[in-house]
Structures are given as C-alpha cells and as structure tokens.
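K.L.:
Got a predicted model here, sequence first, then my questions.
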Amino acid sequence: MRQSQLFTKIERNAPKDETTANAQLLSRAGFASKLMAGTYSYLPLGLRVLRKIENVVREEMDALNAEEILMPMLHPKSIWTATGGWDKIDVLFKLKSRTEKEYALGQSEEEVVVPLVMKYVMTYRDLPRAVYQIHWKFRDELRSKSGLLRGIEFLMKDMYSFHENQEDFDQFYARAKESYLKIYKRLGLVAKATEASGGSFTEKISYEFMVLTDAGEDDILYCDACDYCVNIEVAKCEEGSVCPKCGEKGLAKARASEVGNVFDLGQKYGKDFDLSFVNRDGKKQHAIVGCYGVGISRLMGVIVEKYNDENGILWPEAVAPFHVHLLALGGVDGEEMYKTLQTAGVEVLYDDRDASAGEKFAEADLIGIPWRIVVSSKTGDGMVEIKRRGEKETKVVTIQEAIKIVKRENV
RNA sequence: CGGGCUGUCGUAUACCGGUAGUACGCCUGUUUUGGGUACAGGUAGACUGGGUUCAAUUCCCAGCAGCCCGACCA
C-alpha cells in the first residue's frame, strides 16, 4: 500500500488525557480512533492488525475442528429471561424499539448458540460439536478505560462446545487450553492459564488467560517454578505463599490483563432451554456445554502495551500491519522496489510521500513495522538499506538479499 | 455508581475579569534533503446553558464530554 493513499495522518502529539501506551500510540499512529469512551473506529492500519490477530485465532479454532459461524448481535429479550441473564447480568445492554419491544445486545452468546446448535443435535452421534464466531460484543461497563483494553464494544472470538458426557468435555477443554496457549505464543505473548471464578452461574472454576502488564486490571499470583497461576479474587493463598502445585517457590504477585477465558457451563443452558439429545441408553439428556473466549481487540491493545519504546510501536511479525516499511528518500523513486517486494509476496507499506528523511524515519518508528527498507541516493544502484525496528544497525544489501531476509521471518 | 481532575484553532499548550498568544499541522513561496531542515506570509479556536458583572474564555452553578482512583466487570 502506498502511504500517500492512507487517509489517516500521524499525529505528533499524544492525545491529552490518555495515559496508557496503547491508547496514545494507536491513536497517534492512526490505527484506531476513539468515538466515545469504550468504542473505537479501526482505521486501515489498525484493521489490518485486527484481521491478523483474528486469522491466527481462526486457524487455531479450525485446528480444533470448530466451525465458524456468525450470530446476531441483537437479541430478543425472551432468550435472556429464559436463562435469568436479563435480570442477573448487570452489564447487559438493553434497548427498546419504537413499539416498546425489548432487546438485548450480545455480551456473550450462549442464549443464541445453544438453541441454534441443539436444533441439529438429535442423538449422541451428533456430538461432540464446536462452533465459534468472531464478532462484536457489548458490555455496559461502568467505566471504560485504558484504550482498547476495556471497551463497552469490543471484538471477541467466542467458541462453544457441546458434549455427551463430562469425560468428553474434559478432553476437549484440555485441548482448547493448549490451543489458547499456542495462540498467544504466536502473537508474541506469554499468557498464563489462571484459575478464576466461574461466574455467577457455576460453582466450578474457570481459567482466564493472563498477560502480565501494568495496564491490566487483574491481580494474579503465579509461580516461577511451574505453571501455577491464580486470580487473586479466588486465591486461597497470598503473595509469598509456597506454590500449592509444585511446592518449590513462593508465589509472586503481578498485574495482568485477561485476554481469554474458558468456562465449563455444565448442563445449565440445555436445561434452561429444555433442549436435549438421545444418549447411548436411549434416554433424554442435556449436553454439557463449554464456552471459550478470546478478546481480539483487547489483544491488539495488550500487544502494544508489551511492544513499544520511546519512538513508537514494535509489532510482532505475526500481527504487524505490513512486513516491510519501504522509504524512498531524497527524491529517489522507490517504485521499482515497491513492485519487486509485492511480486515477491511481501506485504509492504511504501512511503512515497514528499516528506523529509527525518519525518519518514520518525513516522516509520511510530507505526512500528518490523522491517524498514530504504532506497536513496546513498544506497546505490540495485542496493537497499535494511533495518529491523528496534535495532540500531542498518545493512546495505542487494534487493534480492533484502527480500530473502524479510521472507525468512515472515513467510 | 462514589471520589478527583480537566474541557481554549485539526493536535498539543500559554496568558488573562477588558482586542486570545505559541508550537506542530494545513495553504503559498523560497530553502533544505539520512533522524521531525530553515525562513517569510497565510489559515484556524474559548464544550453547552444559566448566573454574577459595565464587561466572562476567565468567577459561580448546572448539563454534557474526557481522563484518573475506587467499586463494578454472569
């Protein structure tokens, strides 16, 4: 993409009243723009990042044999009264039509997905099933904050699995947890599977996936010697207590942001909607349902919180809006290099604007694309300069070599 | 929802109870060309409503909006 085509522009000053790195940098660099507290527009660069995160998640969900669907965001009141959520869930957005008919905006979609899937599940032979969607969620939080980390409208992947018995559920649940850890790793994050409360509808514990960051809103206790981690809300131990799992070390306390969770919902939803299937004994039975969320837009914010320096963002390869930021300096034409990179299958943002070198460098750092390739009178014929965002050293190499370097990591 | 802070050109800011200034951006021209090049000229602003006052962007009240702390976040 040619940078001259971007309708967004870089802002030199951070917006006042924004204190978190993700809110400041995403706004300055033109990735996202706030409409009101808790809702954002995703701009061309930001949307590319969002789609990359989505696709990583999508690939892992598909690997679990989950099927992708898309469900409505606008729900009838009736399904929410059926499960008790209409009165119990205080973050549920409720609205009224002209004719006083009442609706809810989806804050999670068990109420839609359980009747939907169970419509097709007649017997145990139709199980297990897993479906997911990547869609907007609405939660009437009292206080939106921290840029993309807590919005009242946000993009979430929500998967739901259906099982004939606890054993089958447990197996899938374990696979889903593994799949989650893989997702975060691919995104350049270290997430801890953290014991947490199961919410108001279940006594069981759930797992939250936590990424350590001061911009987060949860406090967790974790062990350095093993993978034990617990949300302080449900912890039966405290900071410094010996790890209850491995007994090796004292627990450390840290601030974290929840980027995903998995719940065992048991048979609640099957019962609420009185939906059942015929089991192996020929008897009616409610399916065991699991629910698995990943906060896609929040992840974008968390990644920026983890990957930034005084000059801007440093996107991990897997989610960077482009692989290469091509800068043409001093009136030199970068057109040929641009086309060569594109032909080689490299995603490239080409700064073809008539701007000074310093300005282009500063803006490239802010945008944070992993590789910077410069063509100028200094690089010479057939040669380009290549540099990695975050590193100081530059290398002058041939065009073909530059492509090789970039593709080694990105393709 | 409780508490606090803040609303001034597009952005970031300054001053002030009496003609609103600066930087960046943007426009015109010159200049410059490897870390936001320099110069000249230009463009553009007091959240809304009420009150106090001869006079309010400034003081007071309310509303609206934003941020922060807390609570909340099935």
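P.N.:
Done, it's in.

K.L.:
now the nearest residue to residue A:377 once chain neighbours are set aside: how far from RNA strand B?
P.N.:
Here the nearest residue to residue A:377 in space, its sequence neighbours aside, is residue A:330; by CB to CB, 6 or more residues apart in numbering that works out to 5.3 Å. For every residue, glycine as well, the C-beta is placed using N, CA and C. Computed with CB to the nearest atom of the strand, to the nearest Å, the distance linking residue A:330 and RNA strand B is 3 Å.

K.L.:
Double-check residue A:330 against residue A:375; I have them as touching.
P.N.:
No - contact criterion CB atoms under 8 Å: residue A:330 and residue A:375 do not qualify, at 9.3 Å.

K.L.:
who's more crowded, those two?
P.N.:
Comparing residue A:330 with residue A:375 by other CB atoms under 10 Å, the one with more neighbours is residue A:375, at 23 against 11.

K.L.:
and the more buried one, what does it touch?
P.N.:
Counting by CB atoms under 8 Å, 6 or more residues apart in numbering, residue A:375 touches A:326-329, A:332, A:334, A:337, A:384-385.

K.L.:
how about low-confidence regions in the stretch 301-411 of chain A?
P.N.:
By pLDDT under 70, the low-scoring segments of the stretch 301-411 of chain A are A:409-411.

K.L.:
can you tell if the host helix or strand of residue A:57 touches RNA strand B?
P.N.:
Assigned by DSSP states H and E, residue A:57 belongs to helix A:44-63. No - on the criterion CB under 7 Å from any atom of the strand, helix A:44-63 is out of touch with RNA strand B, staying 15.0 Å away.

K.L.:
buried stuff in that helix?
P.N.:
A:45-46, A:48-54, A:56-58, A:60-61 (16 or more other CB atoms under 10 Å).

K.L.:
With stretch A:68-83 instead?
P.N.:
The neighbour-count check on stretch A:68-83 (16+ other CB under 10 Å) flags A:69, A:73, A:75, A:79-80, A:82-83 as buried.

K.L.:
Narrow those residues to those in strands?
P.N.:
Members of the buried residues of stretch A:68-83 lying in strands (criterion: DSSP state E): residue A:75.

K.L.:
out of the buried residues of stretch A:68-83, which are inside helices?
P.N.:
A:79-80, A:82-83 (DSSP state H).

K.L.:
closest to RNA strand B among the residues you listed?
P.N.:
For these, the residue nearest RNA strand B by CB to the nearest atom of the strand is residue A:83; the value is 8.0 Å.

K.L.:
got the contact list for that closest one?
P.N.:
Counted by CB under 8 Å, 6+ apart, residue A:83 has contacts A:110-111, A:268-269, A:272-273.

K.L.:
would TSV of the residues you listed with secondary structure be doable?
P.N.:
Output for the contacts of residue A:83, formatted as TSV (DSSP: H, G, I helix; E, B strand; the rest coil):
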residue	secondary structure
A:110	helix
A:111	helix
A:268	helix
A:269	helix
A:272	helix
A:273	coil
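
K.L.:
Pick out the most distant pair among these.
P.N.:
For the contacts of residue A:83, the maximum inter-member distance is 11.2 Å, found between A:111 and A:268 (CB to CB).

K.L.:
Compare neighbour counts for these two and give me the winner.
P.N.:
Neighbour count, other CB under 10 Å: between residue A:111 and residue A:268, residue A:111 has more, with 25 against 17.

K.L.:
so residue A:129 bridges to which residues?
P.N.:
Residue A:129 forms beta bridges with residue A:162, as assigned by DSSP bridges.

K.L.:
Any idea how many residues pack against it?
P.N.:
Based on other CB under 10 Å, the number of other residues close to residue A:129 is 17.

K.L.:
Quick check: it touching residue A:117?
P.N.:
Yes - applying CB under 8 Å, one finds residue A:129 in contact with residue A:117, separated by 5.9 Å.

K.L.:
what do these two both touch?
P.N.:
With CB under 8 Å, 6+ apart as the test, residue A:129 and residue A:117 both reach residue A:162.

K.L.:
OK, contacts around residue A:26?
P.N.:
Contacts of residue A:26 by CB under 8 Å, 6+ apart are A:32, A:46, A:147-148, A:300-301, A:304, A:313.

K.L.:
Could you give me the ChimeraX selection string for whichever of these are buried?
P.N.:
Per 16+ other CB under 10 Å, the buried members of the contacts of residue A:26 correspond to this ChimeraX selection:
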select /A:32,46,147,148,300,301,304,313
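
K.L.:
Looking at the contacts of residue A:26, which are in strands?
P.N.:
A:32, A:313.

K.L.:
now, which of the contacts of residue A:26 sits nearest RNA strand B?
P.N.:
Of all the contacts of residue A:26, RNA strand B sits closest to residue A:147, with 7.5 Å by CB to the nearest atom of the strand.

K.L.:
looking at it, that closest one is touching residue A:17, isn't it?
P.N.:
No - using CB under 8 Å, residue A:147 is not in contact with residue A:17; the gap is 11.5 Å.

K.L.:
For the stretch 201-350 of chain A, what lies in contact range of RNA strand B?
P.N.:
A:201, A:217-218, A:263, A:291, A:311, A:329-331.

K.L.:
for those, which one is nearest RNA strand B?
P.N.:
Closest to RNA strand B, out of all of those and judged by CB to the nearest atom of the strand, is residue A:330, at 3.4 Å.

K.L.:
now the helices: where do they sit in the stretch 201-350 of chain A?
P.N.:
A:268-272, A:296-306, A:335-343 (DSSP state H, counting those that start in this stretch).

K.L.:
Spatially central residue in chain A, please.
P.N.:
Nearest to the mean C-alpha position of chain A, by CA atoms, centre = their mean, lies residue A:296 at 2.5 Å.

K.L.:
Help me confirm that it comes into contact with residue A:53.
P.N.:
Yes - assessed by CB under 8 Å, residue A:296 is found in contact with residue A:53 at 5.4 Å.

K.L.:
Which single residue in the stretch 251-400 of chain A comes nearest to RNA strand B?
P.N.:
Using CB to the nearest atom of the strand, residue A:358 is the residue of the stretch 251-400 of chain A that sits closest to RNA strand B, at 2.7 Å.

K.L.:
Just the residues contacting the helix or strand that contains residue A:178, thanks.
P.N.:
Per DSSP H and E, residue A:178 falls inside helix A:166-186. With contact meaning CB under 8 Å, 6+ apart, helix A:166-186 is reached by A:56-57, A:60-61, A:63-64, A:127-128, A:130, A:159, A:161, A:163, A:190-191, A:193, A:207, A:209, A:211, A:259-260, A:262, A:264, A:288, A:290, A:292, A:294, A:318.
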